[in-house]
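let's see this in three dimensions:
(chains A and B)
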Amino acid sequence: MPKLQELQDLTIQVRRDILRMVHKVSSGHPGGSLGCTEFLVALYNETMQLQPEFDMDGKNEDLFFLSNGHISPVFYSVLARRGYFPVDELNTFRLINSRLQGHPTTHEGLPGVRIASGSLGQGMSVALGAAQAKKLNQDPTLVYTLHGDGELQEGQNWEAIMYAAGKKVDNLIATIDYNGQQIDGSTDDVLPMGDLKLKFEAFGWDVLEIKEGNNLEAIIKGLAEAKTRTGKGKPVCILLHTIMGHGVDFMMYTHAWHGKAPSDEQLENALAQNPATLGDY
Amino acid sequence: MKKYIDQGKNDTRSGFGAGLTELGRTNPNVVALCADLIGSLKMEKFIEENPERFFQIGIAEANMMGIAAGLTIGGKIPFTGTFANFSTGRVYDQIRQSIAYSDKNVKICASHAGLTLGEDGATHQILEDIGMMKMLPGMVVINPCDYNQTKAATIAIADYEGPVYLRFGRPKVANFTPVDQKFEIGKAVMLNEGTDVTIVATGHLVWEALIAAENLEKLGISAEVINIHTIKPLDTAAILKSVEKTGCIVSAEEHNYLGGLGESIAGFLATARPTPQEFVATKDTFGESGTPEQLMEKYGLNHGAIENAVQKVLKRK
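Next up is the predicted model:
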């Protein structure tokens, strides 16, 4: 795969963006952002069919909805580096008068964002509507979503999960960031969710797992496999096994960095582990 | 005073159903969603004629609001249908984030609002929905008064770009506004010109206001009656013009006085022109089981209550 090195470089640069964005404003959510970096880089630069210009209706292009809106740093960085808005605008993250709100919104007109998210559990329902609009429009492109695993504790997800299978919404690929962590601790400590694969299957979904959720090749392969399973009468779920805080040794394997920014020293350490590839914003 | 003729009692929810049916025939982008209440919302005809444009969501209103938001992405104009209680309080955060804050072109159509839902009791009789919806930035709030007006409003909101809350009810009530009227969002309708007092009413209370005005006329009191079908944006110019003439105002609505039409008027007049006002509304209470007529009498929401409020406000001029 000749493109792989480019995507690797982009992944490292996105990590640097995330760290610098949250450090600058001493707030934001680095843990989940770092854990989903490879996934979003692969999705936007390898998997999705996109139109050159952003249009809210997104006809004849794949759509993505971020349900766990708190990982906005990775979303913004990937969007900017895909050309949706100037990379320098990452400088304005969480500042007053910015289009880069703490959680993503359509309200400030940021290209690439089609729904506000942050209050958890709503993204899958929205994606179902968009997927059904595509069917009405005879638009063969797909709808992708990303959800936190802890987010599945919100009941609305299960309304949507039941509906998606019951109504055969088979142009949807929903990915669960299966890192096993949430704000107050591990998901098993906070509220054990049992076997998510069995649960989705029991609801009538086609489920596949990407065991190495921070490995670009594994993700690209998994997404391609997921795509082949669409259009067969079942919604498709990917359980993406990630490590929260991936790529920064002291942020990994813990929930501590869910919503905490690094200090000056910690930032220096973290950036040293991810040397600049494409140039900082 | 101007005479209004009841063309035959009908329910406002049937006006919604008729409007939706017409939209099904005229606007290919209109889609409808329902949370297991097709018959109550009178959506059968639309579904029969446009089965591919109807989405039965099941008893899952939160999911319905999200799906509606998503359908707008791709150019659809979704009309959601369920009871007012399940259209607002149950799904407030979904409406707030996925529809209002996300600027989505969703029409939230809510039946069985208020006490006139009747025998099912307080679990279903929402009296707080106008307040919740009007507080959302950008949300238009409409509460038409009869069958004809509800039909016209349903058709009109499809041409408006942005989120709308359309509130209507269950019982058959007087149908007195013109057939095929043009509905203008945010434009109050002058029903009777008067000089002593302004009565502004919304929804089912508009007909009661007309009866009250007729009874007051017999007592030598000249009441101006204005139908405020759009609570937000409020037609402040029409209200100001009227109270400049009459000097006092009574607001009438099937809703809690906290958060309702009366509160919006009071808030406006407090800064524009302080004016004595009386509120015909529920007084921070839940409802209960009973017939619509019994409930409107017990909770002070009929023409008698409006007449009493007029007598009271006249003394404060």
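
of all residues in the chain, which one is nearest the centre?
The chain I'm using is chain A. residue A:146 (4.7 Å; CA atoms, centre = their mean).

could you report the neighbour count for the nearest residue to that residue once chain neighbours are set aside?
Closest residue to residue A:146 apart from its sequence neighbours, by CB to CB, 6 or more residues apart in numbering or on different chains: residue A:175 at 5.1 Å. C-beta: built from backbone N, CA, C; applies to glycine. If you count neighbours by other CB atoms under 10 Å in any protein chain shown, residue A:175 ends up with 27.

next, name the residue at the spatial heart of chain B.
Chain B, centroid-nearest residue using CA atoms, centre = their mean: residue B:143 at 1.4 Å.

and the residue of the stretch 151-300 of chain B nearest chain A?
residue B:161 (11.9 Å; CB to the nearest CB).

am I right that that residue is in contact with residue B:105?
Yes. The pair residue B:161 / residue B:105 is scored as a contact, 5.7 Å apart, by CB atoms under 8 Å.

ok, these two, which is more surrounded?
residue B:105 (22 against 10).

how far away is that one from residue A:113?
Distance, residue B:105 to residue A:113, using CB to CB, to the nearest Å: 17 Å.

excluding its backbone neighbours, what's nearest residue 123?
I went with chain A, as the question did not name one. residue A:67 (2.4 Å).

switch to chain B, please.
Per CB to CB, 6+ apart, closest to residue B:123 is residue B:85, 7.6 Å.

quick revisit: run through the bridge partners of the residue nearest to residue A:146.
Assessed by DSSP bridges, residue A:175 has beta-bridge partners residue A:146, residue A:238.

isn't it right up against residue A:241?
No. Applying CB under 8 Å, one finds residue A:175 not in contact with residue A:241, separated by 11.0 Å.

what residues sit buried inside stretch B:144-162?
Neighbour-count burial for stretch B:144-162 flags B:144-158, B:162 (criterion: 16 or more other CB atoms under 10 Å in any protein chain shown).

got it, and stretch A:12-28?
Quick answer for stretch A:12-28 (16+ other CB under 10 Å): A:12-24, A:28.

of those residues, which is the nearest to residue B:89?
Nearest to residue B:89 among the buried residues of stretch A:12-28: residue A:28, at 32.1 Å, using CB to CB.

that's a helix at the closest one, yeah?
No. Assessed with DSSP: H, G, I helix; E, B strand; the rest coil, residue A:28 is coil; it does not lie in a helix.

report pLDDT for it.
We have a pLDDT of 96 for residue A:28.

now it: closest residue in space, sequence neighbours ignored.
Nearest residue to residue A:28 in three dimensions, chain neighbours excluded: residue A:22, at 3.7 Å (CB to CB, 6+ apart).

what's the answer for residue B:289, then?
Here the residue nearest residue B:289, using CB to CB, 6+ apart, is residue B:121, at 4.2 Å.

so which bits of the stretch 1-150 of chain B are right by chain A?
Contact residues (CB under 8 Å from any CB of the partner chain) of the stretch 1-150 of chain B with chain A: B:31, B:52-53, B:55, B:57-58, B:60, B:62-76, B:78, B:93-94, B:96-98, B:101-104.
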